[in-house]
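Asker: Only the shape, not the letters, is given here:
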């Protein structure tokens, strides 16, 4: 690829493209980051030599979600973003990608970071992995299409439990409940994700894409509908006292004292 990115690195080895988030240590996301990841994955679609993508990250976290201390998620475009583009519109682009994606989750995948991990076909993780849909603990509504993707992975009941409690799920439990697919030592994580991507790439590429399209039939449209609903709910909840308290409590590492207003 000749395109220059500011938040990711892209490399190709054989049939596997690696897209690496480069915002350590926490890899907080914004519209620019998601836009760049989607653009890189669309480039994989356009390159017949690329048959699988590994989505990885530098630092201690895979993606710790939005940095609420800097800006509120979805609150207009970040610097450098294209005018008129909302973060969730960029997220939907990821679900329309045709090339299989393997996420290497070495640490925290929190909030929208969990949504990003769930956009992949498979998640390889380790004991240090942490998965959390912590939105309700912030006084917020889930986003990034998670109301469509999380039930698909773990079932409606388990998804409701993860949403309502915001609990952090370690790597081993994530594999047990179907949120992740493979557990390996942290030091071997990137290698294992690449090995899985390579194994996928060894199958017939047209057949893999055809099968993937059937298995994920309607998913991108469902995510698009979900994000439209999620955004409406997030807009009014962002104005509540509970949301302000949730963000403050998280920053202060204490339990929030929600008042229901």
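Answerer: Perfect, I can see it now. A quick note: this is a predicted structure, and the numbers were derived from the prediction, not measured.
Asker: what's the helix or strand for residue 20?
Answerer: strand 16-21 (DSSP states H and E).
Asker: check contacts around the most centrally placed residue in the chain.
Answerer: Per Cα atoms, centre = their mean, the C-alpha nearest to the average position across the chain is that of residue 116, at 0.9 Å. For residue 116, the contact set (Cβ atoms under 8 Å, 6 or more residues apart in numbering) comprises 29, 34, 37, 55, 62-63, 91, 94, 103, 109, 144. Heads up, the C-betas are built off the backbone N, CA and C, glycines and all.
Asker: Equivalent analysis for residue 101, please.
Answerer: Residues near residue 101 by Cβ under 8 Å, 6+ apart: 41, 52-55, 119-122.
Asker: mind putting these in a markdown table, distance to residue 25 and neighbour count included?
Answerer: Output for those, formatted as a markdown table (distance: Cβ to Cβ, whole Å; neighbours: other Cβ atoms under 10 Å):
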| residue | distance to residue 25 | neighbour count |
| --- | --- | --- |
| 41 | 24 | 24 |
| 52 | 27 | 28 |
| 53 | 23 | 29 |
| 54 | 20 | 25 |
| 55 | 18 | 28 |
| 119 | 22 | 27 |
| 120 | 21 | 22 |
| 121 | 26 | 19 |
| 122 | 24 | 17 |
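Asker: In helices only, show me these.
Answerer: Among the contacts of residue 101, the residues falling in helices (DSSP state H) are 41, 119.
Asker: and of the contacts of residue 101, the nearest to residue 137?
Answerer: Residue 137 lies nearest to residue 119 out of the contacts of residue 101, by Cβ to Cβ, at 22.0 Å.
Asker: Not counting its neighbours along the chain, what's nearest that closest one?
Answerer: Nearest residue to residue 119 in three dimensions, chain neighbours excluded: residue 94, at 4.5 Å (Cβ to Cβ, 6 or more residues apart in numbering).
Asker: isn't there a helix covering that neighbour?
Answerer: Yes - according to DSSP: H, G, I helix; E, B strand; the rest coil, residue 94 belongs to a helix.
Asker: Can you give me the neighbour number for it?
Answerer: 22 (other Cβ atoms under 10 Å).
Asker: again, but for the one 3 residues further on
Answerer: Residue 97 sits with 22 neighbouring residues when counted by other Cβ under 10 Å.
Asker: How about residue 155?
Answerer: Per other Cβ under 10 Å, the neighbour tally for residue 155 reads 13.
Asker: any idea how far residue 261 is from it?
Answerer: To residue 261, residue 155 is 33 Å away according to Cβ to Cβ, to the nearest Å.
Asker: ok, now residue 19?
Answerer: 42 Å.
Asker: swap in residue 252?
Answerer: 20 Å.
Asker: is it true that residue 192 touches residue 122?
Answerer: No - Residue 192 lies out of contact with residue 122 (Cβ atoms under 8 Å); the separation is 10.7 Å.
Asker: which residues do these two both contact?
Answerer: Taking Cβ under 8 Å, 6+ apart as the criterion, residue 192 and residue 122 both touch residue 182.
Asker: Can you name the next helix or strand after the helix or strand hosting residue 234?
Answerer: Secondary-structure assignment from DSSP H and E places residue 234 in helix 219-237. Sequence order places helix 241-251 as the next helix or strand after helix 219-237, per DSSP H and E.
Asker: So for that following helix, what gets flagged as buried?
Answerer: Within helix 241-251, the residues scored as buried using 16 or more other Cβ atoms under 10 Å are 242-243, 245-247, 249-250.
Asker: Could I get those residues in JSON lines, plus columns for distance to residue 216 and pLDDT?
Answerer: Shown next, in JSON lines, are the buried residues of helix 241-251 (distance: Cβ to Cβ, whole Å; pLDDT from 0 to 100):
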{"residue": "242", "distance to residue 216": "35", "pLDDT": "97"}
{"residue": "243", "distance to residue 216": "33", "pLDDT": "96"}
{"residue": "245", "distance to residue 216": "38", "pLDDT": "96"}
{"residue": "246", "distance to residue 216": "33", "pLDDT": "95"}
{"residue": "247", "distance to residue 216": "34", "pLDDT": "94"}
{"residue": "249", "distance to residue 216": "37", "pLDDT": "94"}
{"residue": "250", "distance to residue 216": "33", "pLDDT": "90"}
